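Asks: Pasting the sequence and the predicted coordinates here, then a few questions.
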Amino acid sequence: MQKNAPSVQQVINEALQKLLGHHIASMGCGRTDTGVHAKDFYMHFDTEKEIADKANFLFRLNCVLPDDITIFKIIDMADKAHTRFDATERTYEYFVYFDKSSYIRPYGFYQGFYHIDWEKVIAAAEFVKTIEDFTSLCLPSIDFKTNICKIKESKWEILPSHHYILKPFEESDPAKPFAIPYQPANGEVLRFTITSNRFLRGMVRKIVGSILMIGKGKIELDEFKQIVTDKRDFRIHYLAPPNALFLSKVKYPYFE
């Protein structure tokens, strides 16, 4: 909830209140920067009323909500289940494309103008898996007591077409691994995937922005490693744009 602008949480709360007839205070599984998308996202709320026909309620809820918010499923949970603190793993995807397209512009980061050394980018992504303290690779926030994250996966892959950007995560994945040297083929899209137990404010955007700058020769790989190791600030905040970033998978122990 924000005082200066509408939020997804506010809009969903108001829609639920309209249908249920009482105050709703929902809790989301996390917060994303303005402009970031979500393929997979969970929220919980308490209600005084029984939702007997969940299919009908889901239909009516989506009718009330605006076009850019979609609810996929309603699930009964235990009273103490918590959508944010019970999550054990989150995965983000970031998409880069090279053939100018007005259709995929809202969902990808256009890099067709640049020469990028992808061997250095791959090396930087491998180094990210060894980092524990992400003080240098996040934006300041009072919401977090520690900047320690446990990275499970950090990799770049090739998708044969931009049509796959919006597909659900892990569903018939056509991605193929990098072969160095890499030269983008017509229509290809690159996907950066990162999985961790938790993420900090602006963390993925800063990681992607920084390692792309390494590929462009704006930062040396050794310099990047040293700054992160020393937990120092970069000379410039290399923050990749939010529109190419997707929260794509959130895992819980009771859904395994």
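Replies: Yes, it's here.
Asks: The stretch 151-256 of the chain: strands as residue ranges?
Replies: Taking DSSP state E, counting those that start in this stretch, the strands of the stretch 151-256 of the chain run over residues 151-159, 176-177, 189-196, 245-251.
Asks: now stretch 125-143: mean pLDDT?
Replies: Per-residue pLDDT over stretch 125-143 has a mean of 90.
Asks: Stretch 184-197 now?
Replies: Rounded mean pLDDT across stretch 184-197 is 93.
Asks: now stretch 201-220
Replies: Summarised as a single mean, pLDDT over stretch 201-220 is 95.
Asks: who's in contact with it?
Replies: 31, 33, 92, 94, 96, 109, 111, 114-118, 120-121, 124-125, 128, 134, 137-141, 143-144, 149, 154, 192, 194, 221, 224, 234, 237-242, 245 (CB atoms under 8 Å, 6 or more residues apart in numbering). In short, each C-beta sits where N, CA and C put it, glycine included.
Asks: Generate a PyMOL selection restricted to the buried subset of these.
Replies: Buried residues among the contacts of stretch 201-220 (16 or more other CB atoms under 10 Å), as a PyMOL selection:
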select buried, resi 92+94+96+109+111+116+117+118+120+121+124+125+128+134+137+138+149+154+192+194+221+224+234+238+240+241+242+245
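Asks: So which of the contacts of stretch 201-220 sit within helices?
Replies: Members of the contacts of stretch 201-220 lying in helices (criterion: DSSP state H): 118, 120-121, 124-125, 128, 221, 224.
Asks: Please report how far residue 191 lies from residue 165.
Replies: 8 Å (CB to CB, to the nearest Å).
Asks: again with residue 80
Replies: 37 Å.
Asks: more crowded one of these two?
Replies: Neighbours per residue, other CB atoms under 10 Å: of residue 80 and residue 165, the larger number sits with residue 165, 19 against 6.
Asks: There's contact between the more buried one and residue 95 in this structure, I believe.
Replies: Yes - using CB atoms under 8 Å, residue 165 is in contact with residue 95, at 5.2 Å.
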